[in-house]
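Chemist: How does the following fold in three dimensions:
(2 chains)
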Amino acid sequence: MSLVGHQPPPIFRRGPAPLVRLIVLVSICLAMLVADIKFRYLEVLRQGLSVVTYPLQMAAAAPADVVRNATLYFATLIEVQLENAELRRTQLGAAQQLLRFEQLKQENVQLRGLLEMAQRVQVRSIGADVLYDAPDPFARKVILDRGTQHGIETGLAVVDASGVIGQITRVYPAQAEVTLLTDKNQAIPVQVVRNGLRGVLFGTGQGRLEMRFVLAGADIVEGDELVTSGLDGIFLPGLPVATVSSVAREPKDAFASIECEPAAAVEGSTQVLVIGRAALPPPPPQAAETPPGGR
Amino acid sequence: MQPTNRSSRILLPARYWFVLFSLIAALGLSYIPTGRLAGVPDWVALVLAFWCIREPLKVGMGTAFVFGLLVDIGHGAAMGQHALAYVVLAYLATTVSRRVLWFGPLQQALHVLPILLLAQGLMVALRLIAGAEFPGWWYFLSSFTSVLLWVPLTFLLLLPQYQPVDRDDNRPI
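Modeler: So this is what the prediction gives:
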C-alpha cells in the first residue's frame, strides 16, 4: 500500500510498531538490571529520582505511623510496668560492668602503650529508629529514619542492645537501608570468642545464619559465641553476632556445616545504633607483584 | 447507577489528568509500608492494566516503564525489575484490549489474572537469576487479591467518563 516517499497522513502515524517498542524497552530494562545488580552504576539515578518519590513515600508512610503510635498509646499499664521492671534489672546488671569499664579502659590504654601496640580505634555512633521493613520481598532489609543528613554512610554496622543486626547498604538524604544479617547476600567476618578461630558468617535467606569455609577438623562446638573480627576494616572488632547452634561434619566434605543463631533480634528490633570507625583504617598494603611503572 | 457493558452508551473520553492522577494515587498506595505481608495488591500493575485495556492509545509501554522505575525506587528493588514486568504487562494488555472489552467486568478480571501472574513470575525469575532468595509461593497471592479489585476499580475509574456532556444542575450525574 505505502509508496516510497509517501508518508501516511499524520492521523494514522503512531510511531514504531508495538513489538519494536517492547523489544527496545525490555532491552533497556535488562541493561539497567545488569548495571544495577552487577555493577551498582545506577545509584546516582536512584538518588536523583528518590527526591521525586520521597514526598509521596512520606505521605504513604503516615497511616502506618498512625497505626504504630496508636498501638503504643493503647499499650496497657501492666505491660509498661513489666517492661519497666525488666529495664531496671538489665540496667543494674549493666551498671556493674560499666563501673569497672572506665578503669579497665584506662588500664588497657596504658598496657597497649607499654607494649607499643596501636591504640583501639575511636568509635562514633548514631541512634536510629527502624521505620519499616523494606517492601522488596526478595531481600531482608529495613529502613531507618536517619540518612546522609545525620552522617550515615554506606558500610556502617547496625547493632541493637544485644548484637549486630546488619549493615547499611544504601543511604538516602533522610533515610537509610539496612541489609539484615539473615539476607542471602549478606556476609560478615567473625571470630570464635573461645579460641579466636576466624570465619565468615552468611545469611541463608530463611532467617538463619551459616558459618562457611571452616575446616571439618577445626575446633568449634555447639554453644560457641561468635563476635566480629574486624578484619574487613568496616565492622568494629568484638561486637557479638551469633551463637553456634549446630555443627555437622560429613566425611565427604572438606568443610564443617555450622548453623548459628543470631545474638540480636535481627528481624524484630525497633531501636538501633549505627556504629562505625571515627577514622578510616589505613589502606591495605599493595600486592608486591604489581609491575613497576605499570600505570 | 452505571450502565453495564451491555448498554450501548458511548462514554466520554478519559481525560489525561485523570489517568495520570489515578496512576499517581496507585503509586502512593503501593508505597504504604506493609512489610513482608503477603497478598497486598499491586496497585500500579492493576491500574496500568486497566488503562492499557481501556485507553490503549493514551497509556502504553512508555508510561509502564516510567511508573515501573518509580516503584523500583520506592521499594528499594533492583532498578528495572518492576519496569520490565510492567512493560510486558502493558504490551499484553494493549494486545488483548480489543477482545477483553467485549466481556463483562468479571470475565475481564479472568483475562487480567494471567497477565498479572506473568508479570510477577517475570520478576521472580529475574531476581532468582540475580541470586536473591525465593520469597515463597504466597508471593503470588498478590495477583489474586489484585484481580478481586478489578470490578470495584472499573466502577471507580469509569465514573468520570459517565458524566453527561451537557451539564444539568438539577440532575445528579
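
Chemist: contacts for stretch B:84-93?
Modeler: Applying CB atoms under 8 Å, 6 or more residues apart in numbering or on different chains, the contact partners of stretch B:84-93 are A:18, A:21-22, A:25-26, A:29-30, A:33, B:44-45, B:48-49, B:52-53, B:56, B:59-61, B:63-65, B:67-68, B:71, B:112, B:115-116, B:118-120, B:122-123, B:126. For glycine as for every other residue, the C-beta is placed from the backbone atoms N, C-alpha and C.

Chemist: Using the three-state scheme, assign the closest residue in space to residue A:237 that isn't next to it in sequence.
Modeler: Closest residue in space to residue A:237, ignoring its immediate chain neighbours: residue A:230 at 2.9 Å, by CB to CB, 6 or more residues apart in numbering or on different chains. Judged by DSSP: H, G, I helix; E, B strand; the rest coil, the three-state class of residue A:230 is coil.

Chemist: Next, count neighbours for residue A:230.
Modeler: 18 (other CB atoms under 10 Å in any protein chain shown).

Chemist: Please tell me I have it right and it contacts residue A:241.
Modeler: No - counting by CB atoms under 8 Å, residue A:241 is not a contact partner of residue A:230; they are 11.5 Å apart.

Chemist: give the contact list for residue A:52.
Modeler: residue B:70.

Chemist: how close does it sit to residue A:40?
Modeler: 21 Å (CB to CB, to the nearest Å).

Chemist: Longest helix in chain B, by number of residues?
Modeler: helix B:105-129 (DSSP state H).

Chemist: Let's verify residue A:32: helix, strand, or coil?
Modeler: helix.

Chemist: Verify the stated contact: it with residue A:39.
Modeler: No - between residue A:32 and residue A:39 there is no contact under CB under 8 Å: 10.9 Å.

Chemist: So which of the two has more stuff around it?
Modeler: Between residue A:32 and residue A:39, counted using other CB under 10 Å, residue A:32 has the larger neighbour count: 21 against 8.

Chemist: picking up where we left off before, what does the longest helix of chain B contact?
Modeler: So helix B:105-129 is contacted by A:33, A:138, B:5, B:42, B:45-46, B:49, B:53, B:78, B:81-82, B:84-86, B:88-89, B:92-93, B:96, B:99-101, B:103, B:134-135, B:139-140, B:142-144, B:146-148, B:150-151, B:154 (CB under 8 Å, 6+ apart).

Chemist: Return the members of those residues classed as buried.
Modeler: Among the contacts of helix B:105-129, the ones that count as buried by 16 or more other CB atoms under 10 Å in any protein chain shown are A:33, A:138, B:42, B:45-46, B:49, B:53, B:78, B:81-82, B:84-86, B:88-89, B:92-93, B:96, B:100, B:135, B:139-140, B:142-143, B:146-147, B:150, B:154.

Chemist: Can you list which of those are found in helices?
Modeler: Those of the buried ones among the contacts of helix B:105-129 lying in helices (DSSP H): A:33, B:45-46, B:49, B:53, B:81-82, B:84-86, B:88-89, B:92-93, B:96, B:100, B:142-143, B:146-147, B:150, B:154.

Chemist: ok, so what distance separates residue B:91 from residue B:61?
Modeler: Relative to residue B:61, and taking CB to CB, residue B:91 is found at 6 Å.

Chemist: Could you pull up the mean pLDDT of stretch B:12-30?
Modeler: Stretch B:12-30 shows a mean pLDDT of 92.

Chemist: got it, and stretch A:29-37?
Modeler: Stretch A:29-37 comes out at a mean pLDDT of 93.

Chemist: Extract the CA atoms of that stretch and return them as PDB.
Modeler: Taking C-alpha atoms only, stretch A:29-37 is exported to PDB below (Å, rounded to 0.1, in the frame of the first residue of the first chain):
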ATOM      1  CA  CYS A  29      15.300  -2.700  31.400                       C
ATOM      2  CA  LEU A  30      17.700  -5.600  31.200                       C
ATOM      3  CA  ALA A  31      20.700  -3.300  30.700                       C
ATOM      4  CA  MET A  32      19.600  -1.400  33.800                       C
ATOM      5  CA  LEU A  33      19.200  -4.600  35.800                       C
ATOM      6  CA  VAL A  34      22.600  -5.700  35.000                       C
ATOM      7  CA  ALA A  35      24.100  -2.200  35.600                       C
ATOM      8  CA  ASP A  36      22.300  -2.000  39.000                       C
ATOM      9  CA  ILE A  37      22.700  -5.500  40.400                       C
END
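
Chemist: Could I get the buried residue list for it?
Modeler: A:29, A:32-33, A:36-37.

Chemist: quick one: low-confidence parts of the stretch 1-150 of chain A?
Modeler: A:1-10, A:12-14, A:118-121 (pLDDT under 70).

Chemist: residue ranges for the strands of it, please.
Modeler: Using DSSP state E, counting those that start in this stretch, the strands of the stretch 1-150 of chain A run over A:123-133, A:141-144.

Chemist: In terms of helices and strands, where is the residue nearest to residue A:46 when sequence neighbours are not counted?
Modeler: Excluding the flanking residues, the one nearest residue A:46 by CB to CB, 6+ apart is residue B:73, at 5.7 Å. Assessed by DSSP states H and E, residue B:73 sits inside helix B:61-75.
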